[in-house]
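Trainee: no sequence on hand, only this structure:
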């Protein structure tokens, strides 16, 4: 009988055991969710190939004969005087 009364788990023991079990499972579920999200995430550094510059487009139009040389030179000067294009 002495063993029965000396080694029982008190109310705080049950509370600590229950709280630690809840925290344990919360930790396991959180790690699983974070791991699942990390493995299924699309790569962030996917860049589309850059298109041709305005000067290249103008040169292509001139090469196709869409514009004449005078128009080409005038537009090219206007492009270069306006500075670099803002993204």
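Mentor: Yep, that arrived. Keep in mind that this is a model prediction, so the values were computed, not measured.
Trainee: only C-alpha atoms for contact and neighbour calcs from this point on.
Mentor: Will do.
Trainee: where's residue 80, which helix or strand?
Mentor: According to DSSP states H and E, residue 80 maps onto helix 69-81.
Trainee: contacting residues around that helix?
Mentor: For helix 69-81, contacts defined as C-alpha atoms under 8 Å, 6 or more residues apart in numbering pick out 54, 55, 58, 59, 62.
Trainee: how many neighbours does the fourth one have?
Mentor: This means residue 59. When neighbours are counted by other C-alpha atoms under 10 Å, residue 59 registers 16.
Trainee: separation between it and residue 44?
Mentor: Per C-alpha to C-alpha, to the nearest Å, residue 59 is found 34 Å from residue 44.
Trainee: mind naming the longest helix for the chain?
Mentor: Longest helix in the chain, counting residues (DSSP state H): helix 11-40.
Trainee: so for that one, mean pLDDT?
Mentor: Mean per-residue pLDDT for helix 11-40: 92.
Trainee: same check, this time on stretch 59-67
Mentor: In this model, stretch 59-67 carries a mean pLDDT of 92.
Trainee: for the residue nearest to the spatial centre of the chain, give its distance to residue 36.
Mentor: The centre of the chain sits closest to residue 44, judged by C-alpha atoms, centre = their mean, with a distance of 4.3 Å. Here the criterion is C-alpha to C-alpha. By it, residue 44 lies 17 Å from residue 36.
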